[in-house]
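Participant: Compute the structure for the input listed below.
(4 chains)
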Number of protein chains: 2
Amino acid sequence: MTTIKQIAIDMGVSAATVSNALTGKGRVSSDMVERIKKRAHDLGYRPSLAGRALRSGQTGILGLVMPDLTNPLFPRIAQHLSLVAADRQLGILIADSRGNPDEQTQAINRLLDRGVDGLLIVPQKGTAPGLQNVPTVIINTASDPDNSVSADHAGGGRMIAEHIASLGHRHVILLGEDRVSEVQRDRVAGMRAGFDPSIHLQEIWGESGIDQLVSAIQNGATAVITTSDLLALRVHSHLTRNGIVVPHDVSLTGFDDLPFAIAMHPTLTTVAQDVEQIAGLAIERLILEIQGETLPAQNANVAMRLVIRNSTTKQNSKTKPEILQ
Amino acid sequence: MTTIKQIAIDMGVSAATVSNALTGKGRVSSDMVERIKKRAHDLGYRPSLAGRALRSGQTGILGLVMPDLTNPLFPRIAQHLSLVAADRQLGILIADSRGNPDEQTQAINRLLDRGVDGLLIVPQKGTAPGLQNVPTVIINTASDPDNSVSADHAGGGRMIAEHIASLGHRHVILLGEDRVSEVQRDRVAGMRAGFDPSIHLQEIWGESGIDQLVSAIQNGATAVITTSDLLALRVHSHLTRNGIVVPHDVSLTGFDDLPFAIAMHPTLTTVAQDVEQIAGLAIERLILEIQGETLPAQNANVAMRLVIRNSTTKQNSKTKPEILQ
DNA sequence: CTGTTAGCGCCTTCAT
DNA sequence: ATGAAGGCGCTAACAG
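Facilitator: Next up, the predicted model:
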């Protein structure tokens, strides 16, 4: 490893001068700067981040805490964060909070012990991580008072609802996955808001919700809108098994636009997060916080994008599907 | 931040003694050790990893390079690596190599600049990352000469094949996703190896392969075995659209056991990687390398697990399905 | 414009 | 059993 000191000796100048030349502190004659830079390059000099960290108190590392790394959205978020961070010369250290609040706290502490400059947290559903005295950005959903940046889940729900309404559906089932999750609740709330009162809405949740589906459809529901793609796939399977055809008998929608949404038949109408923008905003904001700006508890709500595919279609007041048993 | 020196002053001893007491170097009287530990704890002392890193030349951070963080397996691998690493007091820094070999090299360099103690690399398909002079573990597949630890993809293929053979299928389609991928090739090779020569095998690849499916089935194929769950879902959709029913008309299998495999109908027979064990072995080996042992280019091949669900069934020489156009 | 000094927090001699 | 000193690589403050 080439160090600043070696270059200094090698060139007969002081270490400080090399440092100044390399970091462009401008207190060195420009041809000296050139020569030092060249020599450093030739020697393959790489600054020691450890030395710099010790000196400056900053590691250039951001910690990413996710409730569960197997969350289907994690890969995309992680990817974009890591790309944006790389652009800014920052690294991303990951930590899994293993689906429980205690582990979440421990994960945060591990990261803090490593001296991360800031924290990106996607909180456990239904928890507010004890905020330390460290720059932190929370990526959750607008209704979370601690939220900093998120997709506009409610807006996404509204888009789905308006799409379904525009297709003429008048009796709609809202299927949620988990009531504890703020994200899910915002999605459902958005869905409700997107329909006008004349439309018959039926809100059901979880496993037991799926069991009620068939009879609800027999009672006239013509669309099922769900709060996740995975749930939509399950519903699709369940309906198929009961002889109900999507979208002929009933329209169906998901949420998130996961990779398999286009592998289904029919391909799934859903709503996509602009993860790239969310990642960009999150890191930008975190960097500002790290630089000491005291930001208002702003709440960037990134619009979602409606992705219309083949699982939704016009409601044409046909006869009820025959249900197989 | 409490430092060693503060504790030392606070207790009227030297910094060296505090260090020795805390790191258990045993050169301190045991009651002094007790008192120092207690005081350190009360003061909320956390050792500065930066200081330690500078001193020791080790950061306690491992770099994880993935070809594409959106790879469906990434979440599970990342999760287990992060858990195992956390147990060993190590951190995991992620880097996306963005699907191309140049970026892979850059990603590795970024990690190296950060002073990671070792590298975990899941290589781009068809590339051998230029190995640096750093402890490195490659997670790919057995046929890669650089491979250190991997799932036994060929063995998984064989298990699938034997399962299909045991169900009485005699005309089988092998559908691969991408010939460039060593992993995929090993999977297909394993599948072939699992059938005896009397069985009629038809190997097809990619998009064009899917197009040939229907006619192949009309010609008597009764099972389609694929090299990924996503591919299996696509096939399922495609067949359904053509009036072919799984598993009644044709059995179908995937690979990897992704979360949606149980959301499908029928639920998908597939083969699962023991990611936990792979992660454990990978980190264990990497730690040994970091500690300076020169290990043989061993090749841990972790057995896969056959997951039999409802997409496969006995071949009972019934009549060909009628194909809708 | 350039050099010297000092110290970030830790740990490892070497002395006491 | 404990302490003093020095240095890992870097940079900020203060000379010169």
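Participant: Tell me how chain A divides into domains.
Facilitator: Chain A is divided into the following domains under automatic domain parsing: A:4-47, A:61-149+A:275-298, A:153-272.
Participant: which stretch among those domains comes nearest B:Ala193?
Facilitator: Evaluated over those, closeness to B:Ala193 peaks at domain A:153-272, with 28.0 Å, by C-beta to C-beta. Quick note: C-beta positions are derived from backbone N, CA and C, even for glycine.
Participant: could the domains of chain A go into TSV alongside mean pLDDT?
Facilitator: Output for these, formatted as TSV (pLDDT from 0 to 100):
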stretch	mean pLDDT
domain A:4-47	89
domain A:61-149+A:275-298	93
domain A:153-272	97
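Participant: Not counting its neighbours along the chain, what's nearest the residue sitting nearest the centre point of chain A?
Facilitator: When C-alpha atoms, centre = their mean is applied to chain A, the residue found nearest the centroid is A:Ile77 (4.9 Å). Using C-beta to C-beta, 6 or more residues apart in numbering or on different chains and skipping residues adjacent in sequence, the residue nearest A:Ile77 is A:Val275, 5.7 Å away.
Participant: Now do the contacts for the one you found.
Facilitator: A:Val275 makes contact with A:Leu73, A:Arg76, A:Ile77, A:His80, according to C-beta atoms under 8 Å, 6 or more residues apart in numbering or on different chains.
Participant: isn't the residue nearest to the centre of chain A right up against A:Ala279?
Facilitator: Yes - using C-beta atoms under 8 Å, A:Ile77 makes contact with A:Ala279 at a distance of 6.4 Å.
Participant: any idea how far B:Leu295 is from the residue nearest to A:Ile77?
Facilitator: Going from A:Val275 to B:Leu295 by C-beta to C-beta, to the nearest Å gives 39 Å.
Participant: In the stretch 101-250 of chain A, which residue sits nearest chain B?
Facilitator: The minimum distance from the stretch 101-250 of chain A to chain B, using C-beta to the nearest C-beta, falls at A:Ser237 (3.1 Å).
Participant: buried residues in the helix or strand hosting that residue?
Facilitator: Assessed by DSSP states H and E, A:Ser237 sits inside helix A:229-241. Neighbour counts using 16 or more other C-beta atoms under 10 Å in any protein chain shown place A:Asp229, A:Leu230, A:Leu231, A:Ala232, A:Leu233, A:Arg234, A:Val235, A:His236, A:Ser237, A:His238, A:Leu239, A:Thr240 of helix A:229-241 among the buried residues.
Participant: likewise stretch A:198-211?
Facilitator: Neighbour counts over stretch A:198-211 (16+ other C-beta under 10 Å) mark A:Ile199, A:Gln202, A:Ile204, A:Trp205, A:Gly209, A:Ile210 as buried.
Participant: Contacts made by it with the rest, please.
Facilitator: So stretch A:198-211 is contacted by A:165, A:169-179, A:188, A:192, A:195, A:212-213, A:216, A:220-221, A:234-235, A:238 (C-beta under 8 Å, 6+ apart).
Participant: Return the subset of those lying in strands.
Facilitator: Counting by DSSP state E, the part of the contacts of stretch A:198-211 found in strands is A:His171, A:Val172, A:Ile173, A:Leu174, A:Leu175, A:Gly176.
Participant: is it true that the first one touches A:Gly220?
Facilitator: Yes - the pair A:His171 and A:Gly220 passes the contact test of C-beta under 8 Å, sitting 4.9 Å apart.
Participant: Same drill for these two, tell me which one is more crowded.
Facilitator: A count of neighbours by other C-beta atoms under 10 Å in any protein chain shown puts A:His171 above the other of A:His171 and A:Gly220, at 16 against 11.
Participant: Next, the contact list for the more buried one, please.
Facilitator: A:His171 neighbours (C-beta under 8 Å, 6+ apart): A:Ile199, A:His200, A:Gln202, A:Asn219, A:Gly220, A:Ala221, A:Thr222, A:Ala223.
Participant: Tell me the one of those nearest A:Leu112?
Facilitator: Among the contacts of A:His171, A:Gln202 lies closest to A:Leu112 (C-beta to C-beta), at 46.0 Å.
Participant: Is the closest one located within a strand, as I assumed?
Facilitator: Yes - counting by DSSP: H, G, I helix; E, B strand; the rest coil, A:Gln202 is found in a strand.
Participant: A:Ile36 is in contact with A:Val18, isn't it?
Facilitator: Yes - assessed by C-beta under 8 Å, A:Ile36 is found in contact with A:Val18 at 5.6 Å.
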